[in-house]
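**Q** Take a look and give me a structure for this.
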Amino acid sequence: MSLIKKLAGETALYGLSSIVGRFLNVLLIPLYTRALGPGEYGIVTDLYATSAFLIIVFSYRMESAFFRFGTPPEDRQRVFSTGLISLLVSTAAITTLIFLFAGPLAAAAKYGQHPEYIQWFALMLAFDCLSELPFARLRLEQRPMRFVMVKLLNIGTNVFFNVFWLIFCPWAAKHGMDWVHWVWSPGLGVGYIFMSNVLASLITLVLLLPEFKTIKLPFDRALWSKMMVYAAPLIIVGFAGMVNEMLSRTMMKYLLTGTPEENMAQLGIFGANYKLAMLITLFTQAYRYAAEPFFFRHAGDDNAMKTQAEVTKWFTIAAAVGMLAILLFLDVVKYFLGKKFHSGVGVVPILLVANLLLGVYYNFSVWFRLKDRTGLGAWISLAGAAITILLNILWIPRYGYIGAAWVTLICYLFMSWATWKTGQKRYPVPYQLGRMMLYTVSALGLWVAAEWLCPFLPASIQWSVRLLLFAGYLVMVWWLELRKKK
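**A** Numbering: from 1, shown residues only. Model (predicted):
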């Protein structure tokens, strides 16, 4: 339990940047969904989904290779220098190519009139890629305070410029402040969201420049080859993961049966409601920042498997609590979005379960990295990607974004099962699957009970009933997990 408490403490510190930062980003959703129409927000959803694929091209999972080879302190500097030099060269080359072919790339993505969108995203991805390895070093060396401060400044900068360009500047122009036209043009619209992100990513990279001063030459080609062999399957895993998480959003504008404008509006509605479902990933992201280096550091412990099983159970409990809170109070949570986006709130329960399963999959997949079996993880990810592509092609034209949501859930359910099944043969962690299923199914059962019961009750007591159900769930957790430890 002491190791689990230590992991929880590190998760809390990383969560300060992840949860507070993501919460500030969540606060941008009401701004976006009120300042922009569904079609305009569809552009935001589409381009950020595409960037999720491209960041894998830029970084080629070098941070995972750094965790694998840089864990021994005596090798860390050499591994860090080799990885960062590789990223500097490749990032410069990829960014240059994107700038040279921005016009054709924009036309292929159906943004032919805005090649600057492609160029801005290239810069954002370049800055983010070069920041990844310094961030990974901070995590491995257990320097969460510096990590947190830089992350929070990144988010704060992004929020500041979004509010400045999307709220203050239109207000200032309306009230006769002519100077604002020097820094703002009403025709740029969603472009200001992208510019805000570019500036935030640039400032982050500048803050991490002290880490670059530690680079030492010469470049170790033999080590680089080992790192690339290790990372290559993880690139496939990363691509497949992005297919599962993001491809449905990119495919919608091609597979939906409406006009291009209607399809983009549907994509915007789906993307906005997906943000509500991703509220539980605030915790998941903070957990992953702490868990990946944690498991590498303690892989050699005698009770490593037992610790991993206990950690996974508690992760499931925390995610289920978050899921239940959102489901029980979805009538309030949905007002993060503008009313034009409320028609898509039906996908939120499906996507909440999907995101919980995704977090469980992250836990189950640790053994791939610990046992250097990343190739097997790549095959499972490819199978999940095949399911995603096939079912989206079949279901999006027929069921729209509801179909895309169910595809996401089915894919993560398959990947969780396949990763657990293969792991039990090669790295048999004694996961408490019964307890994990109990907490997940109980949370869904209480939500279904609330949905069935509350329409028959006076409005004045419906919220009391929902609070009582949520409190009852917490009591169940305490009774089963904590009471016996008192």
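**Q** Tell me where the model's unsure across the chain.
**A** 1-27, 112, 282-301, 484-486 (pLDDT under 70).
**Q** Specify the local secondary structure of the spatially most distant residue from the centre of it.
**A** Going by C-alpha atoms, centre = their mean, the residue of the chain most distant from its centre is Gly176, 40.8 Å out. Secondary structure for Gly176, judged by DSSP: H, G, I helix; E, B strand; the rest coil, is coil.
**Q** Looks like Lys226 contacts Phe66 (just checking).
**A** No: Lys226 sits out of contact with Phe66 when judged by C-beta atoms under 8 Å, with a separation of 11.9 Å. Every residue, glycine included, has its C-beta placed from N, CA and C.
**Q** Those two: which has the busier surroundings?
**A** Higher neighbour count among Lys226 and Phe66: Phe66, with 25 against 15, using other C-beta atoms under 10 Å.
**Q** ranges for the helices of the stretch 351-486 of the chain?
**A** 366-370, 374-399, 401-426, 433-453, 459-477 (DSSP state H, counting those that start in this stretch).
**Q** To what extent is Tyr399 buried, counted in neighbours?
**A** So Tyr399, with other C-beta under 10 Å, has 13 neighbours.
**Q** so who does it touch?
**A** If you count contacts by C-beta atoms under 8 Å, 6 or more residues apart in numbering, Tyr399 has them with Trp406.
**Q** do Ala109 as well
**A** Ala109 touches Asp46, Leu47, Thr50, Ile118, counting by C-beta under 8 Å, 6+ apart.
**Q** so how far is Tyr117 from it?
**A** 8 Å (C-beta to C-beta, to the nearest Å).
**Q** which residues do the two both contact?
**A** Common neighbours of Ala109 and Tyr117 (C-beta under 8 Å, 6+ apart) are Leu47.
**Q** one step back: in a markdown table, list the helices of the stretch 351-486 of the chain along with distance to Leu234.
**A** Formatted as a markdown table, the helices of the stretch 351-486 of the chain follow (distance: least, C-beta to C-beta, whole Å):
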| stretch | distance to Leu234 |
| --- | --- |
| helix 366-370 | 8 |
| helix 374-399 | 5 |
| helix 401-426 | 14 |
| helix 433-453 | 26 |
| helix 459-477 | 34 |
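**Q** Out of those helices, which gets nearest to Phe270?
**A** In terms of C-beta to C-beta, the element of those nearest to Phe270 is helix 401-426, at 3.8 Å.
**Q** ok so, going back, looking at the helices of the stretch 351-486 of the chain, which is nearest to Lys213?
**A** helix 366-370 (29.1 Å).
**Q** tell me which strands and helices the closest one is in contact with?
**A** With contacts taken as 3 or more C-beta pairs under 8 Å, 6 or more residues apart in numbering; DSSP states H and E, helix 366-370 sits against helix 62-70, helix 281-297, helix 374-399, helix 401-426.
**Q** just checking, what packs against the first one?
**A** For helix 62-70, the helices and strands in contact under the criterion 3+ C-beta pairs under 8 Å, 6+ apart are helix 73-100, helix 115-140, helix 221-255, helix 281-297, helix 366-370.
**Q** Go again with 7 Å.
**A** The contact analysis (3 or more C-beta pairs under 7 Å, 6 or more residues apart in numbering; DSSP states H and E) places helix 62-70 against helix 73-100, helix 115-140, helix 221-255, helix 281-297.
**Q** list the buried ones in stretch 168-181?
**A** Cys169, Ala172, Ala173, Val180 (16 or more other C-beta atoms under 10 Å).
**Q** how far does it stretch from start to finish?
**A** Stretch 168-181 has its terminal residues 12 Å apart, counting by C-alpha to C-alpha, to the nearest Å.
**Q** circling back: what would the helices and strands packed on helix 62-70 look like in a markdown table with distance to Lys425?
**A** Formatted as a markdown table, those follow (distance: least, C-beta to C-beta, whole Å):
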| stretch | distance to Lys425 |
| --- | --- |
| helix 73-100 | 31 |
| helix 115-140 | 29 |
| helix 221-255 | 18 |
| helix 281-297 | 19 |
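**Q** Tell me which of those sits nearest to Ile56.
**A** helix 221-255 (4.2 Å).
**Q** Tell me which helix or strand comes right after the closest one.
**A** Next helix or strand after helix 221-255 toward the C-terminus (DSSP states H and E): helix 260-277.
**Q** Mind checking the helices and strands packed on helix 62-70 for the one nearest to Trp395?
**A** helix 221-255 (9.1 Å).
**Q** what is the orientation angle of that closest one with helix 260-277?
**A** Following axes from the mean of the first three to the mean of the last three C-alpha atoms, to 10 degrees, one obtains 120 degrees for the angle between helix 221-255 and helix 260-277.
**Q** Pull the distance from helix 221-255 to the chain's centre.
**A** How far helix 221-255 lies from its chain's middle: 14 Å, per C-alpha atoms, centre = their mean, to the nearest Å.
**Q** Give me the helices and strands touching that helix, please.
**A** helix 38-59, helix 62-70, helix 73-100, helix 260-277, helix 374-399, helix 401-426.
**Q** Pipe those into CSV and attach distance to Leu153 per row.
**A** Compiled in CSV, the helices and strands packed on helix 221-255 are given as follows (distance: least, C-beta to C-beta, whole Å):
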stretch, distance to Leu153
helix 38-59, 20
helix 62-70, 20
helix 73-100, 21
helix 260-277, 22
helix 374-399, 33
helix 401-426, 32
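**Q** Please name whichever of these is nearest to Tyr335.
**A** Of the helices and strands packed on helix 221-255, the one closest to Tyr335 (C-beta to C-beta) turns out to be helix 260-277, at 10.3 Å.
**Q** Contacts for the closest one next, please.
**A** Helix 260-277 is contacted by residues 26, 29, 33, 38-39, 41-43, 45-46, 249, 252-253, 256, 258, 333-334, 336-337, 341, 343-345, 347-348, 351-352, 355, 400-401, 404 when judged by C-beta atoms under 7 Å, 6 or more residues apart in numbering.
**Q** Residues contacting stretch 122-130, please?
**A** 51, 54-55, 58-59, 87-88, 91, 95, 98-99, 197-198, 201-202, 204-205.
**Q** For the residues you listed, which ChimeraX command selects only the ones that are buried?
**A** Only the buried entries of those go into this ChimeraX selection, using 16+ other C-beta under 10 Å:
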select :51,54,55,58,59,87,91,95,98,197,198,201,202,204,205
